[in-house]
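Novice: Dropping the sequence and predicted coords here.
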Amino acid sequence: MILASQSPRRIELMRDAGFSFTVQPADIDETAQPGEDPLALVGRLAGEKALSVAMTAPTGELVVAADTVVALDGRILGKPADPAEARAMLMALSGRTHTVATGVAVARGGTEPSIVEHFVDTCAVRFHELDDDEIEAYVASGEPFDKAGAYGIQGRGGRLLVNSIHGDFYTVVGLPIARVVRLLRAIGV
């Protein structure tokens, strides 16, 4: 099996679930199409990542790919480019509920790869009301800069910023592993 992701969190989740795999990140354009909603985007990107890697994979080899977005009022919040953008995202999320969506696709490798299974899982995350000092301290920690929406639920962000979640915690982390395990079992892994 191939994991089409270099995310340390996805790698750890797959290993902890007992899977043996190689890592081969996909190289695709992740730009949203005009008018594309967050759920459609993560579903499309997961599929494109899986097929991209499956094109060079041995025939029959399974490729697992995923993509995660944070969305507030239908607007996608990517990884902040700088501290000012991180502050702005965290202020926008303060005291509000937003959606995290993770798309997962499994493809079979070969010269004519195909998607075997795919799904999109969502989770609602509510932040505490944050004051300027809390936001500044979190930005200063450096944690927001490689994370969509400027926070990591598995790190300091989950302990300090998040009031509640409704859905699978691991969807927010970036791979709803229980659902992935069941999907792979269903196809004979």
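Specialist: Okay, I see it. Numbering: from 1, shown residues only.
Novice: Skip the chain neighbours and tell me the closest residue to L90.
Specialist: Using Cβ to Cβ, 6 or more residues apart in numbering and skipping the chain neighbours, the partner closest in space to L90 is I135 (4.8 Å). Bear in mind the C-beta positions are built from the backbone N, C-alpha and C, glycine included.
Novice: Give the buried residues for whatever helix or strand the one you found lives in.
Specialist: When elements are defined using DSSP states H and E, I135 is found to belong to helix 132-140. By neighbour count on 16 or more other Cβ atoms under 10 Å, the buried set for helix 132-140 is I135, Y138, V139.
Novice: Now do the contacts for A54.
Specialist: Contacts here follow Cβ atoms under 8 Å, 6 or more residues apart in numbering; on that basis A54 touches E61, V63, A107, R108, G109, G110, P113, S114.
Novice: which SS state does the second one fall under?
Specialist: This points to V63. Taken by DSSP: H, G, I helix; E, B strand; the rest coil, the conformation at V63 corresponds to strand.
Novice: Tell me the spacing between it and R9.
Specialist: 18 Å (Cβ to Cβ, to the nearest Å).
Novice: can you redo the buried residues of helix 132-140 as TSV with pLDDT and distance to A40?
Specialist: Shown next, in TSV, are the buried residues of helix 132-140 (pLDDT from 0 to 100; distance: Cβ to Cβ, whole Å):
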residue	pLDDT	distance to A40
I135	96	31
Y138	96	30
V139	96	31
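Novice: remind me, longest strand of the protein?
Specialist: Across the chain, the longest stretch assigned as strand under DSSP state E is strand 114-127.
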